[in-house]
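Colleague: kindly generate the corresponding structure for this input.
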Amino acid sequence: MAKKKAFALRINEEMLKAIEKWASDEFRSTNGQIEWMLMQYLKENNRQPKPKPDKTDKSDS
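Modeller: All right, here's what the predicted structure looks like:
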């Protein structure tokens, strides 16, 4: 699983309320909803992060 980094986000109160409502409708946390929204936008614009190689894969043995 990717390492997560915390950071402060300033957001319009009405926008946050709308995201909180959407998150509740989708049974997600507000943070999870924002992460999901950002990833969807990255995918739509072909800018999603590249997966890192799994260091625990020992298939060469």
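
Colleague: point out the other helices and strands that the helix or strand residue 40 falls within packs with.
Modeller: In this assignment (DSSP states H and E), residue 40 forms part of helix 30-44. If contacts are counted by 3 or more CB pairs under 8 Å, 6 or more residues apart in numbering; DSSP states H and E, helix 30-44 sits against helix 13-25. C-betas here are computed from N, CA, C, even on glycine.

Colleague: alpha carbons only: can I get the helix it packs on in CSV?
Modeller: Taking Å, rounded to 0.1, in the frame of the first residue of the first chain, the C-alpha atoms of helix 13-25 are listed here in CSV:
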residue,chain,number,x,y,z
GLU,A,13,-17.4,25.6,3.3
GLU,A,14,-20.3,24.9,0.8
MET,A,15,-18.0,22.7,-1.3
LEU,A,16,-16.9,20.7,1.8
LYS,A,17,-20.6,20.2,2.8
ALA,A,18,-21.3,18.9,-0.7
ILE,A,19,-18.4,16.5,-0.5
GLU,A,20,-19.4,15.3,3.0
LYS,A,21,-22.9,14.6,1.7
TRP,A,22,-21.5,12.7,-1.4
ALA,A,23,-19.2,10.7,0.9
SER,A,24,-22.0,9.8,3.1
ASP,A,25,-24.1,8.7,0.1
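
Colleague: tell me the mean pLDDT over the helix holding residue 40?
Modeller: Across helix 30-44, pLDDT averages out at 96.

Colleague: show me what contacts residue 39?
Modeller: Counting by CB atoms under 8 Å, 6 or more residues apart in numbering, residue 39 touches residue 48.

Colleague: same thing with residue 26?
Modeller: 33, 36.

Colleague: can you give me the pLDDT of it?
Modeller: Here, the pLDDT recorded for residue 26 equals 97.

Colleague: any idea how far residue 13 is from it?
Modeller: 21 Å (CB to CB, to the nearest Å).

Colleague: show me the contacts for residue 22.
Modeller: residue 33.

Colleague: which residue, neighbours along the chain excluded, lies closest to residue 52?
Modeller: Leaving out its chain neighbours, the residue that sits closest to residue 52 by CB to CB, 6 or more residues apart in numbering is residue 2, at 7.9 Å.
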